[in-house]
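Peer 1: mind folding the following:
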Amino acid sequence: TIDQVSSHEYDNRFTPNESTILNLGISQSTYWVKLNLLYPSSYPNADPRTQWLLEVGRSNLDIAELFIPEEDGVYTIVSSDLRSKYEEKDVVHVNSVFPITTLLDQEMLLYIKIKNDTSIYLPVMLWTPRGFLEKVLREEFVYGLFLGAMVILLTYNLFIYISVRDVGYLYYVFYLGSITVAEVLESGHGMIHVSQTFGYLGRENILPILSVSAISTMLFAKNFMSTKEDYPRLDSVLNFLAVVSFMSAVLFFISDYHVVALWNRIYFTVFMSLFLWIIGYCWSQGNQNAKFLFFAWICNVIGLTVFTGVTSKVIPATAITLSALPLGILAEAILLSFALSNRIKNERAAALLADYDEMDSLFRYESLFNNAREGMYKMSLSGDII
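Peer 2: As a prediction, the model looks like this:
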């Protein structure tokens, strides 16, 4: 409780934070953050009252409460978390943002109570209203660019599937759709608009959606590299991985979230490495489609590895490491789109070459027949002149 953590006996239980972004990994614990805020009267501070916005930069926290001290040890409690709808918050944003008013020469000790069932990393920033507005504009532009590009790629490839009826495009569309939804849930950006239409979808649903993404990836790879015809043993391995991915999705609905999260971290580490080896082997055997898939998957592997490292507290949470996943996904999606276009071009070139060879063979046969010195004829086995 606030009475406990604000007492002197709890002073030694607070650990100083030296990192820009506090990374707590996946935990079922409740955390308290203590902030000492001073607004000195020295230059350039002159306004007797100043408005600020305190942002806890993790989207859609289960519990995020700010305790502001008043007189006689009483605290005003302000919440900005999933217990309230977006439009009910003081500041409508996917992150927890708290308005604060400071007086000149005032010093206050703030406490923030945090709890989240999924990964917790906490960049805590104090903004002026203007600074926060500029930050939101930059942020929304970047995420809008990412989501817009993914939706355009999805729509474009869906129309191609309807036109050419190549099932590989359908698998690719399912992959784009599932991985885009997973990134929206993870970053939180776009959830305000989505929730107004479809209702709120919790971040914990990332796990079964990632399993759907893995299944779509393997079905796409099987079709794209023709493993059933050319590499039947590897095709069996991909089928087995698809079954395990399906069981991982089922496990989410019958087991504890933290158990499923641990299993998914282990499984996806093995899956990404094995899948990359399979693609590399097919490429080494002369499969040109595997070459494109290899470079595309490398982008995704890097992004997912960095993201897994952050949630496991192996890699520090920074602006760059937190951006690795969406950048890797976007790069992979673009490369796979080019790869599909290149495959259609190669198939059309092969068909034209086959037509050319057939016409050339017919022309040479006709020329031989027409220019022979001796009479030529074809006769059936029964003796009929054809």
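
Peer 1: separation between the residue nearest to residue 227 when sequence neighbours are not counted and residue 171?
Peer 2: Excluding its sequence neighbours, the residue lying closest to residue 227 (Cβ to Cβ, 6 or more residues apart in numbering) is residue 235, at 4.0 Å. For glycine as for every other residue, the C-beta is placed from the backbone atoms N, C-alpha and C. Separation of residue 235 from residue 171 (Cβ to Cβ, to the nearest Å) stands at 15 Å.

Peer 1: for residue 138, same thing?
Peer 2: Here residue 138 is placed at a distance of 35 Å from residue 171 (Cβ to Cβ).

Peer 1: residue 54 too?
Peer 2: The value you get for residue 54 to residue 171, if Cβ to Cβ is used, is 45 Å.

Peer 1: all helices for the stretch 201-350 of the chain, in order.
Peer 2: 206-225, 227-230, 232-254, 257-284, 288-311, 319-370 (DSSP state H, counting those that start in this stretch).

Peer 1: residues contacting the nearest residue to residue 301 once chain neighbours are set aside?
Peer 2: Sequence neighbours aside, residue 272 is the residue nearest to residue 301 in space, at 5.1 Å (criterion: Cβ to Cβ, 6+ apart). By Cβ atoms under 8 Å, 6 or more residues apart in numbering, residue 272 lies in contact with 300, 301, 304, 305.

Peer 1: name the helix or strand for residue 382, please.
Peer 2: Under the criterion DSSP states H and E, no helix or strand holds residue 382.

Peer 1: phi and psi next, for it.
Peer 2: phi -90, psi 0 (degrees, to the nearest 10).

Peer 1: residue 124 now?
Peer 2: The phi/psi pair for residue 124 (degrees, to the nearest 10) is phi -110, psi 120.

Peer 1: quick revisit: which among the contacts of residue 272 count as buried?
Peer 2: Buried members of the contacts of residue 272, counted by 16 or more other Cβ atoms under 10 Å: 300, 301, 304, 305.

Peer 1: which residues does stretch 57-76 contact?
Peer 2: Stretch 57-76 has contacts (Cβ under 8 Å, 6+ apart) with 2, 6, 21, 30, 54, 56, 77-83, 94-96, 98, 100, 108-117, 120-125, 187-189, 191, 202-203.

Peer 1: circling back to that earlier point, dump the buried ones among the contacts of residue 272 to a markdown table, plus distance to residue 313.
Peer 2: A markdown table is the format used below for these (distance: Cβ to Cβ, whole Å):
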| residue | distance to residue 313 |
| --- | --- |
| 300 | 22 |
| 301 | 20 |
| 304 | 16 |
| 305 | 14 |
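
Peer 1: closest to residue 156 out of these?
Peer 2: residue 300 (19.5 Å; Cβ to Cβ).

Peer 1: just the pLDDT for that closest one.
Peer 2: If you check residue 300, the pLDDT there is 79.

Peer 1: and it, how far from residue 217?
Peer 2: 9 Å.

Peer 1: contacting residues for the residue nearest to residue 227?
Peer 2: Residue 235 touches 222, 227, 228, counting by Cβ under 8 Å, 6+ apart.

Peer 1: and the residues you listed, which are buried?
Peer 2: Buried among those by 16+ other Cβ under 10 Å: 222, 227.

Peer 1: doesn't residue 194 fall inside a helix?
Peer 2: Yes - counting by DSSP: H, G, I helix; E, B strand; the rest coil, residue 194 is found in a helix.

Peer 1: now do the contacts for it.
Peer 2: 184, 201.

Peer 1: then residue 187?
Peer 2: Counting by Cβ under 8 Å, 6+ apart, residue 187 makes contact with 59, 94, 143, 326.

Peer 1: from those residues, pick the one nearest residue 368.
Peer 2: residue 326 (63.1 Å).

Peer 1: need the pLDDT of the closest one.
Peer 2: Confidence score, pLDDT, at residue 326: 82.

Peer 1: how close does it get to residue 288?
Peer 2: Relative to residue 288, and taking Cβ to Cβ, residue 326 is found at 29 Å.
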